[in-house]
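Enquirer: I would like to see how this sequence folds:
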Amino acid sequence: MAGLILLLLVISLVVAQYAFAPEPTSVEEVIPEDTAVMCTMDAMQCPDGSFVGRTGPSCAFVCPPLPLVPADVQASIDALADRIIITTPSPMATIVSPLVISGKARGGWFFEASFPVTLTNWNGLIIAEGIATANENWMTNEFVPFTATLTFISPYTTDSAEFMKRGSLIFQRDNPSDLPENDAALEFTVMFAPVPTTQE
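Expert: So this is what the prediction gives:
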């Protein structure tokens, strides 16, 4: 008799355990929406002359919007587009020293694989001169990539008048003959980044 009572008691406990047990809950993996992405630390030079790193979930290079180019400047660029094209910097870009220049020009724009590049201030005063060098064989009628670097002291300081931030880049066709009919040049406006005024 005692054994029967003990058996009924055990059965009652098992039934009660299942009857009052909480319902199982499903466990879902929670993935944060803003998962950090580690991008490589390389950089790219944009058409305005600035350098940017990779950013965003796709680690893409994002350049700032290009400045508006005045119609007369754009007309000059378009007139020579079949002879010389500047990749960096772009017209109206803000530049700093050293200024890295790249582009492509027809082989006839070079002489001995080079041509002169000049940077002036707002008043036409030359503040830097350099040589653009062909990166490939220049003895061709096709476009040839080139690079140049100009080092200069910015004429525009934080105390300067606004008009003094303007300068000009001039890409002159190398003309060893000195014949006027062989002269050609592409010129466009650039902007100097301000430098702090020296305290004496």
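Enquirer: going forward, measure contacts and count neighbours with C-alpha atoms only.
Expert: Will do.
Enquirer: need the helices for this structure, in chain order.
Expert: Here the chain has its helices, by DSSP state H, at 2-20, 71-79.
Enquirer: the shortest one packs against which elements?
Expert: Think helix 71-79. Counting contacts by 3 or more Cα pairs under 8 Å, 6 or more residues apart in numbering; DSSP states H and E, helix 71-79 is packed against strand 185-192.
Enquirer: how about the residue sitting nearest the centre point of the chain, what does it touch?
Expert: Nearest residue to the geometric centre of the chain (Cα atoms, centre = their mean): C46, 2.3 Å. Residues near C46 by Cα atoms under 8 Å, 6 or more residues apart in numbering: V52, C63, P64, T88, P89.
Enquirer: now it: how far from E112?
Expert: 29 Å (Cα to Cα, to the nearest Å).
Enquirer: how many neighbours does the closest residue to M139 other than its chain neighbours have?
Expert: Leaving aside its sequence neighbours, M139 sits nearest to G107 (Cα to Cα, 6 or more residues apart in numbering; 5.6 Å). Other residues near G107 come to 23 when the count uses other Cα atoms under 10 Å.
Enquirer: same thing with T189?
Expert: Neighbours of T189 under the rule other Cα under 10 Å: 21.
Enquirer: tell me the contacts of the closest residue to it other than its chain neighbours?
Expert: Spatial nearest neighbour of T189, excluding adjacent residues (Cα to Cα, 6+ apart): S168 at 4.5 Å. The contact partners of S168, taken as Cα under 8 Å, 6+ apart, are L119, T120, N121, W122, G124, E187, F188, T189, V190.
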